[in-house]
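Trainee: next input, structure requested:
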Amino acid sequence: MGNELAEEAAAKLRELRTRSDELKTELVLAEAGLEAAESRKEEVRREIASIGVDPDRIDDELARLEREVREALAEVEAFLAESELLIEQRNTTP
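Mentor: Okay, the predicted model is just below:
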């Protein structure tokens, strides 16, 4: 019985060491992935700053650009509507 317990304990210890090694490997990979993500984040922040935008205010800048695009589209639609009206008037005037 004592021999069984010793074998069981040894097997459990091997299992725990294997799992410990696996977790260490996962930790190293996770740390490497985190390091790569942080590096990429800084690279993107530098790219954003290089075009004159404060990376900490990117949401504000995106909102401003959305407004500008909507305004420009509204202007184009108004111009097209006016152009269509003028063309229609020209075609109906003898």
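Trainee: got a pLDDT number for residue 2?
Mentor: Looking at residue 2, its pLDDT reads 69.
Trainee: element containing the residue nearest the centre of the chain?
Mentor: When Cα atoms, centre = their mean is applied to the chain, the residue found nearest the centroid is residue 41 (9.7 Å). Assigned by DSSP states H and E, residue 41 belongs to helix 2-50.
Trainee: quick check: next helix or strand after that helix?
Mentor: That would be, after helix 2-50 and using DSSP H and E, helix 58-92.
Trainee: what about that following helix, average pLDDT?
Mentor: On average, helix 58-92 scores 94.
Trainee: quick check: residue 47 vs residue 41, distance?
Mentor: Distance, residue 47 to residue 41, by Cβ to Cβ, to the nearest Å: 11 Å. Where you see a C-beta, it was placed from the backbone N, CA and C, and this is true even at glycine.
Trainee: and for residue 72?
Mentor: 31 Å.
Trainee: so what are the domain limits for this structure?
Mentor: Domain assignment for the chain, taken from automatic domain parsing, gives 1-52, 56-94.
Trainee: could you report the neighbour count for residue 37?
Mentor: 10 (other Cβ atoms under 10 Å).
Trainee: repeat for the one 5 residues further on
Mentor: Residues lying near residue 42 (other Cβ under 10 Å) number 11.
Trainee: just the local confidence number for it, please.
Mentor: 96.
Trainee: again with residue 38
Mentor: Residue 38 is given a pLDDT of 97.
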